[in-house]
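Q: Provide a 3D model corresponding to the input given below.
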Amino acid sequence: MTVLTLSKALNEGLRKAMESDPKVLIMGEDVGKLGGVFRVTDGLQKDFGEDRVIDTPLAESGIVGTAIGLALRGYRPVCEIQFDGFVFPAFDQIVSQLAKMRYRSLGKVRLPVVVRIPFGGGIGAVEHHSESPEVMFVHTGGLRVVACGDPADGYAMIQQAIACDDPVIFFEPKRRYWDRTEVDLPGGLATALPLDRSRTLLPGTDVTVLCYGPMVRTCLEAAAAAREDGTSIEVIDLRSLAPLDAEAIYESVRRTGRCVVVHEAPVTAGLGAEIAARVSQECFYHLEAPVLRVGGFSTPYPPARMEEHYLPDLDRVLDAVDRSLAY
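A: Coordinates of the predicted model:
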């Protein structure tokens, strides 16, 4: 086992994928000589050359459009969108072309493109650098959407995403890039969960808490605090946002009778709303309380000095748990 940050674990995962398949390319703004603004691609251009780690112009639509063309020619491009708020110029390419090509060709044409997006807040950034746009891609049929929550998962999931024949939108929680955990570099991929499976991080009996990405650590901290007061929270890291591992969610909620969904994105029309609807439909007779949601406010992302107020924290998660138990 090796202790790595999330940033370094993703770097190692990308390196393994490039060593395993010469058709894997990395492209994006400052991914080469600089090694990416979060250093996720640090050293890869030096080791694999400028033909495989490509510094692109500042043109997200061009990055994804070029990746689509490369995928049609047999390559497996990995695009880095430097910050979440920069993905919108590429939105048309992603939803109109990347997501639809396999359906348009009746399954004959596959586009194994990975679009890496650092997402969420918590780093004190300026406007357009702290968005949570995941639900827009979840809503788009034809895309796989995943979010890693820790270094061990990031190491395996980035390799699985690159090996997948479907286009994958790969969300990375930017404020967790410096979190450290042990990663099994020799065997981490072989023992990893499938890309479309959720992971029960902490078993519990009183409330099911569903989360992903940057909220995984927050919810684990909330569960630890709740256990000191005698409340047993089951924490599930969704990992795959599209498709959802629905049966794992239902199985947990049927046991606990309560469900709280937590994400950084605004609550209005967020992924939590979809999950709440499905859980209410499939687990109606097992529920002891309504499905509750914890998320950001329905406003543009605030200036850095207001981040702590905007972002869901341990107290807001525990408040939702207490309200669920009060029914």
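Q: so where does the closest residue to H286 other than its chain neighbours fall, helix or strand?
A: Leaving aside its chain neighbours, H286 sits nearest to R254 (4.4 Å; criterion: Cβ to Cβ, 6 or more residues apart in numbering). Glycine gets a C-beta too; all of them are placed from N, C-alpha and C. Using DSSP states H and E, R254 sits within helix 246-256.
Q: Tell me the strands beside the following helix or strand past that helix, with direction?
A: Once the chain leaves helix 246-256, the next helix or strand it forms, by DSSP H and E, is strand 259-266. Here strand 259-266 is paired, per DSSP bridges, with strand 207-211 (parallel), strand 292-296 (parallel).
Q: Do a quick rundown of the strands in this structure.
A: Listed in chain order, the strands of the chain (DSSP state E) span residues 2-5, 24-28, 53-55, 76-80, 114-119, 144-147, 168-173, 180-183, 199-202, 207-211, 233-237, 240-242, 259-266, 292-296.
Q: coming back round to it: count residues in the vicinity of the residue nearest to H286, would you?
A: 15 (other Cβ atoms under 10 Å).
Q: What of the one 5 residues further on?
A: C259 has 30 neighbours, counted by other Cβ under 10 Å.
Q: ok, it to A222 distance?
A: Using Cβ to Cβ, to the nearest Å, one gets 15 Å for the distance from C259 to A222.
Q: ditto for V260
A: The value you get for V260 to A222, if Cβ to Cβ is used, is 10 Å.
Q: which neighbours do these two share?
A: 209, 317, 321 (Cβ atoms under 8 Å, 6 or more residues apart in numbering).
Q: Quick one: work out the angle between the helix holding R254 and strand 259-266.
A: 130 degrees (axes from the mean of the first three to the mean of the last three Cα atoms, to 10 degrees).
Q: which residues touch helix 246-256?
A: With contacts defined as Cβ under 8 Å, 6+ apart, helix 246-256 is touched by 197-198, 200, 204-208, 210, 234, 236, 238, 259, 275, 278-279, 282-283, 286-287.
Q: Would you mind checking the residues you listed for buried ones?
A: The neighbour-count test (16 or more other Cβ atoms under 10 Å) applied to the contacts of helix 246-256 identifies 198, 204, 206-208, 210, 234, 236, 238, 259, 275, 278-279, 283, 287 as buried.
Q: Flag the shaky bits of the stretch 151-300 of the chain, pLDDT-wise.
A: The stretch 151-300 of the chain contains no residues with pLDDT under 70.
Q: tell me the pLDDT at A304?
A: pLDDT for A304: 89.
Q: In this structure it contacts H129, no?
A: No: between A304 and H129 there is no contact under Cβ atoms under 8 Å: 9.5 Å.
Q: Who has more neighbours out of these two?
A: Taking other Cβ under 10 Å, A304 and H129 do not tie; H129 has more neighbours (19 against 16).
Q: Quick check: closest non-adjacent residue to that one.
A: Here the residue nearest H129, using Cβ to Cβ, 6+ apart, is F83, at 4.6 Å.
Q: and if you look at P243?
A: Nearest residue to P243, sequence neighbours excluded (Cβ to Cβ, 6+ apart): D196, at 5.6 Å.
Q: what's the answer for E282, then?
A: In space, E282 is closest to Y250, 5.1 Å off (Cβ to Cβ, 6+ apart).
Q: From A71, how far out is the one you found?
A: Taking Cβ to Cβ, one finds Y250 at 35 Å from A71.
Q: quick one, which of these two is more surrounded?
A: Set side by side, Y250 and A71 show more neighbours around A71, with 22 against 18, by other Cβ under 10 Å.
Q: ok, now which ones touch that one?
A: Counting by Cβ under 8 Å, 6+ apart, A71 makes contact with 77, 110-113.
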